[in-house]
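Colleague: structure for this input, please:
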Amino acid sequence: MNKKTRTLVSAASALAVAISVSMPASAAPAQNQRSTWMSGEVAQIGEIAGMDGNSHLIGFSGKTDGFSDFSVTNFDCPEGQLPSWDPESGCEIVGSLGMYGYDLTVNISKNLSRGTISGIVRVYEGDTESGDPIWGEARDVNITMKATGKMVVTKDKQDGYTRTDKERPAVTTSGQVGEFDVTGAEGSIVHVKESYKD
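Modeller: Residues are numbered from 1 along each chain as shown. Predicted structure coming up:
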């Protein structure tokens, strides 16, 4: 399934941590950034109370800095068909719902084998004329993910820059965001470390 429009992870900001190291006075200290999150997505066929359409794509992400987002994209599809972004599938997007929170509790194990999200998100309803967000109804979040495969580590090195990605595939063993059930959502648990040196 094409996920090009997902903003679950891209909406989150990285946590910057400056680390001083023992170096000659003429050398600038290295700067490290670390970010850890979990995300998942699940498709549901059938009507959901208060939502348009007959097929839905539900996604979430949560970062250890406390930011989490949750989205529901509603589709009108041929009977019995899973939601699809492909225009040739016969599915048409008929609405969406976005919810966000900035102080949720997100715990992820060091080996990325398990993660949990708990707290409250609120529906984003747009902006005021001055550009401030308008927040709507609140929903409780309780999500647990467990890894389903081995960790994959990739490293990219360029002049003065190193990025290390650690990722494990994961599935949601239990998950609820208000009335929305995300149990069975598939995704991943990820840790990224970036190092910069002038």
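
Colleague: quick check: residue 135 touching residue 123?
Modeller: Yes - in this structure residue 135 lies within contact range of residue 123 using Cβ atoms under 8 Å: 6.9 Å. Heads up, the C-betas are built off the backbone N, CA and C, glycines and all.

Colleague: for the residue nearest to the spatial centre of the chain, phi and psi?
Modeller: The residue at the geometric middle of the chain, judged as the C-alpha nearest the mean C-alpha position with Cα atoms, centre = their mean, is residue 61 (2.2 Å). For residue 61, the backbone dihedrals (degrees, to the nearest 10) come out as phi -150, psi 150.

Colleague: OK, contacts around the residue nearest to residue 49 when sequence neighbours are not counted?
Modeller: In this structure, residue 49 finds its nearest non-sequential neighbour in residue 179, 6.9 Å apart by Cβ to Cβ, 6 or more residues apart in numbering. Contact partners of residue 179, counting by Cβ atoms under 8 Å, 6 or more residues apart in numbering, are 48, 49, 139.

Colleague: would you mind measuring from residue 179 to residue 99?
Modeller: Using Cβ to Cβ, to the nearest Å, one gets 12 Å for the distance from residue 179 to residue 99.

Colleague: common neighbours of those two, please.
Modeller: Shared contacts of residue 179 and residue 99, defined by Cβ under 8 Å, 6+ apart, comprise residue 139.

Colleague: ok, then the element right after the least confident helix or strand in the chain by mean pLDDT?
Modeller: Here the helix or strand of the chain ranked lowest by mean pLDDT, DSSP states H and E is strand 15-18, holding a mean of 31. Sequence order places strand 31-45 as the next helix or strand after strand 15-18, per DSSP states H and E.

Colleague: residues of that following strand that come out buried?
Modeller: 32, 34, 35, 36, 37, 38, 39, 40, 41, 42, 43, 44 (16 or more other Cβ atoms under 10 Å).

Colleague: and the longest strand belonging to the chain, what does it pack against?
Modeller: In the chain, with assignment by DSSP state E, the single longest strand is strand 161-177. With contacts taken as 3 or more Cβ pairs under 8 Å, 6 or more residues apart in numbering; DSSP states H and E, strand 161-177 sits against strand 31-45, strand 133-147, strand 152-158, strand 186-196.

Colleague: in its sheet, which strands sit next to that strand, and in what direction?
Modeller: Strand pairing for strand 161-177, using DSSP bridges, gives strand 133-147 (antiparallel), strand 152-158 (antiparallel), strand 180-181 (antiparallel), strand 186-196 (antiparallel).
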